[in-house]
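S.K.: quick one, fold the following:
(chains A and B)
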Protein chains: 2
Amino acid sequence: MISTMIEGLIKNGSAVRAMFEEGKKMAAQFGKENVYDFSLGNPSVYPPEEINKEMINVINDTDPNYLHGYMSNAGYPEVREAVAKSLNKRFATNFSGNNILMTVGAAGGLNVILKTLLNPGDEVIVFAPFFGEYKNYIANFGGKIVIVSADIPNFQLKLDEFEQKINKNTKAVIINNPNNPSGVIYSEETIKKLAEILERKQAEFGTSIYLISDEPYRELAYDGEEVPYLTKYYKNTVVGYSFSKSLSLPGERIGYLVMPDELDDAESIIAGAAIANRILGFVNAPALQQLTIAKVLDSKVDVEIYNKNRELLYRKLTEFGYECIKPQGAFYMFIKAPGGDDQAFVQKAKSEHILLVGGTFFACPGYLRLAYCVDYDMIERSLLGFKRLIENA
Amino acid sequence: MISTMIEGLIKNGSAVRAMFEEGKKMAAQFGKENVYDFSLGNPSVYPPEEINKEMINVINDTDPNYLHGYMSNAGYPEVREAVAKSLNKRFATNFSGNNILMTVGAAGGLNVILKTLLNPGDEVIVFAPFFGEYKNYIANFGGKIVIVSADIPNFQLKLDEFEQKINKNTKAVIINNPNNPSGVIYSEETIKKLAEILERKQAEFGTSIYLISDEPYRELAYDGEEVPYLTKYYKNTVVGYSFSKSLSLPGERIGYLVMPDELDDAESIIAGAAIANRILGFVNAPALQQLTIAKVLDSKVDVEIYNKNRELLYRKLTEFGYECIKPQGAFYMFIKAPGGDDQAFVQKAKSEHILLVGGTFFACPGYLRLAYCVDYDMIERSLLGFKRLIENA
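M.R.: Residues are numbered from 1 along each chain as shown, chains lettered A, B, ... in the order given. Predicted coordinates for the structure are as follows:
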């Protein structure tokens, strides 16, 4: 009786969210300290101290109707300017506030840009493994998802297959760098090849193909790895960003889209995205959070805490015999499911009170995602369980 | 090249938002005190003082990762419980937290419930004059809008026409009480008749027809008028609420949906709406605002300030010869356009630096919406302009 799409999702809901809910139930049953929940990318590191201070300053120092009122759908002009300046300083870009649209997190931003670009039947290419929600975001606007299979075991991009899958209906390509769930950072060389293929295919079909770069994990990179800024490599690039991970503010829903002037149809896309932001019901990104992040654009969480988790888990799990590549960014590890069946292993892991998400949700069966944005102590307590699981696999 | 729907909206954008942007430009050109902007429903009354205080308390007293982190897509359980209890106390209802979904304002809530309910081709009935954005919200999910014409000049509901327009494809009906743009409050008698028609038609077609009651203006009622709580009159009612107007927090994007257990398919709708909230990219309502409003559910802005504006404008405009009914709620007046052409009058009014929105946006040409959520002084300064406009009409 209700929407067929939603009905289907009730039956096959988000594996991530299902685990999150299950984790809360198990914690109530067995005690929080006895459940090892690696399911959700919910930051464990505190926001930088200045965040709450600036939030309170903004509340105290701003006219309440300006602070909590409507502004342009794209966001406060001074916030958009501040974001543009910060990007220009860091990445030697040349954006103005006009290129920035403040959004309700990266999920809001992705929905906004897809709403702006897609007509029913347009194709959007994604690379496995990818955040399973992309499937829904694309379907929301009648788009057709086209999946490039996973490049196992290194989880770079299968560019040959990518090239073959581009056709005249290809409207957009989504990449996620650093990648959820693999933790891989695509190198500058990979990005250059990707751009070169896109240029060639645009010329071949006489179309515009937009590269949507989903970058909520940009600030979480380890061992001095650089995350290339894609607008410099390919002019039809739209960047989606979120402060959820870099400032540990996922519940506050604050992020932005970057839509450069160099985009084909830039003027329509910029105007259209503000309209999409409005008519999808976001209206604008939360006002207080906009004014707050503008004051702390150079802040980020203490990444060393995640790094310590990464080192411990990688060292111990590989020692136990799990197979995985060492993640370079984000806070996920993507490990091969012992026995080969990710869903079966996820169920089995529950007996050790370990919560994981199967690779199936990321279009990569046979693997397991482990979110290590958790307490170090919890990881330590979980290790024996991981050991037993692989010994009995 | 971009989305056809968005392309169309760029050409025929929101009249309200276009005026808001124009108002800001005119203020820069002529000075803020010389522009009389009655275009946008952006509250002029300050939020109650306790709002900022509680917001700061929540920031200071809550674990930062709980405060700014992810929670269930439906919202914090304790916030949902608090909302349910507050409704039960005020309206003698019997909701639990499970019936409440925290949303990104009422606009977010309407998109969520329409996404949950609609399949392409489903019909949604609205009564003119209505908030023009409903058209986009319905189109977002492939729904077909069916408009019941305006009941001029009293702006009650044309129930005969309504009954004729219900068919087997009617999935939902949206009403907005108190009404934007007319300021009318539908009486209990009207609501009873509406419910009776819906019951009859459900039985006739063997379908479920959901009544979506959009109530952002519920707390803004004058002269002791009561706004009926619709779940008590018709069991297939979903209520959309927002704190944007009652607490003057429109930029913060905080509201909720009420989905009673009595709904046909309640379980699917409740589960589906949480999924829709997630996949549309809202993910959850802003965390800090959820925790804040839970502490101030009995607060509301000083409605007497709007009432003073209403009295002044109604008295003076009718004295000058404008025709309109006296609004009972919200902060809008809907006046007959002198000369009959609302678009022409909107243009003419700009010569007096008066910004209004034509009734065409509300599916009611020949009328003008005037948002009186503005400074009393501004109204006083604008009066001479209104006088000249009707004298020269």
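
S.K.: so where's chain A uncertain?
M.R.: A:13-14 (pLDDT under 70).

S.K.: need phi/psi at A:Val124.
M.R.: phi -130, psi 120 (degrees, to the nearest 10).

S.K.: for it, give me its contacts.
M.R.: Contact partners of A:Val124, counting by Cβ atoms under 8 Å, 6 or more residues apart in numbering or on different chains, are A:114, A:118, A:134, A:138, A:143-146, A:170-174. C-beta coordinates here come from the backbone N, C-alpha and C atoms, glycine included.

S.K.: A:Leu356 now?
M.R.: A:19, A:38-39, A:345-346, A:349, A:368-370.

S.K.: re the thing from before, closest one of the contacts of A:Val124 to chain B?
M.R.: Using Cβ to the nearest Cβ, A:Leu118 comes nearest to chain B of these, at 5.7 Å.

S.K.: quick one: the closest one from B:Asn111, how far?
M.R.: Taking Cβ to Cβ, to the nearest Å as the measure, A:Leu118 falls 17 Å from B:Asn111.

S.K.: so which of the contacts of A:Leu356 sit within strands?
M.R.: Judged by DSSP state E, the contacts of A:Leu356 include A:368-370 as members of strands.

S.K.: and the residues you listed, which is closest to chain B?
M.R.: Scanning the ones in strands among the contacts of A:Leu356 for proximity to chain B, where the rule is Cβ to the nearest Cβ, the winner is A:Arg369, at 15.9 Å.

S.K.: ok, and the closest non-adjacent residue to that closest one?
M.R.: Computed as Cβ to Cβ, 6 or more residues apart in numbering or on different chains, the closest residue to A:Arg369 that is not its neighbour in sequence is A:Pro181, at 3.8 Å.

S.K.: residue contacts, the one you found?
M.R.: With Cβ under 8 Å, 6+ apart, A:Pro181 has these contacts: A:129, A:131, A:332, A:334, A:357, A:359, A:362, A:364, A:367, A:369.

S.K.: right, and the pair among those with maximum separation?
M.R.: Using Cβ to Cβ, these span at most 13.9 Å, a distance reached by A:Phe131 and A:Tyr367.

S.K.: neighbour count winner among these two?
M.R.: A:Tyr367 (30 against 24; other Cβ atoms under 10 Å in any protein chain shown).

S.K.: what separation do you get for that one and A:Tyr332?
M.R.: 11 Å.

S.K.: ok, now A:Asn12?
M.R.: Per Cβ to Cβ, A:Asn12 is found 22 Å from A:Tyr332.

S.K.: likewise for A:Asn169?
M.R.: Taking Cβ to Cβ, one finds A:Asn169 at 32 Å from A:Tyr332.

S.K.: in stretch A:252-268, what's buried?
M.R.: A:252-260, A:263, A:265-266, A:268 (16 or more other Cβ atoms under 10 Å in any protein chain shown).

S.K.: which ones among those residues also lie next to chain B?
M.R.: A:252-253, A:265, A:268 (Cβ under 8 Å from any Cβ of the partner chain).

S.K.: ok, the contacts of A:Pro181 vs chain B, which is closest?
M.R.: A:Phe131 (11.9 Å).

S.K.: A:Leu114: which element?
M.R.: helix A:105-117 (DSSP states H and E).

S.K.: please enumerate the strands of the stretch 151-300 of chain A.
M.R.: Assigned by DSSP state E, counting those that start in this stretch, the stretch 151-300 of chain A shows strands spanning A:170-176, A:210-214, A:237-242, A:255-258.

S.K.: related to what we said a few turns ago, higher neighbour count, A:Asn12 and A:Tyr332?
M.R.: A:Tyr332 (27 against 9).

S.K.: for the more buried one, what are its contacts?
M.R.: Taking Cβ under 8 Å, 6+ apart, one finds A:41, A:180-183, A:369-372 in contact with A:Tyr332.
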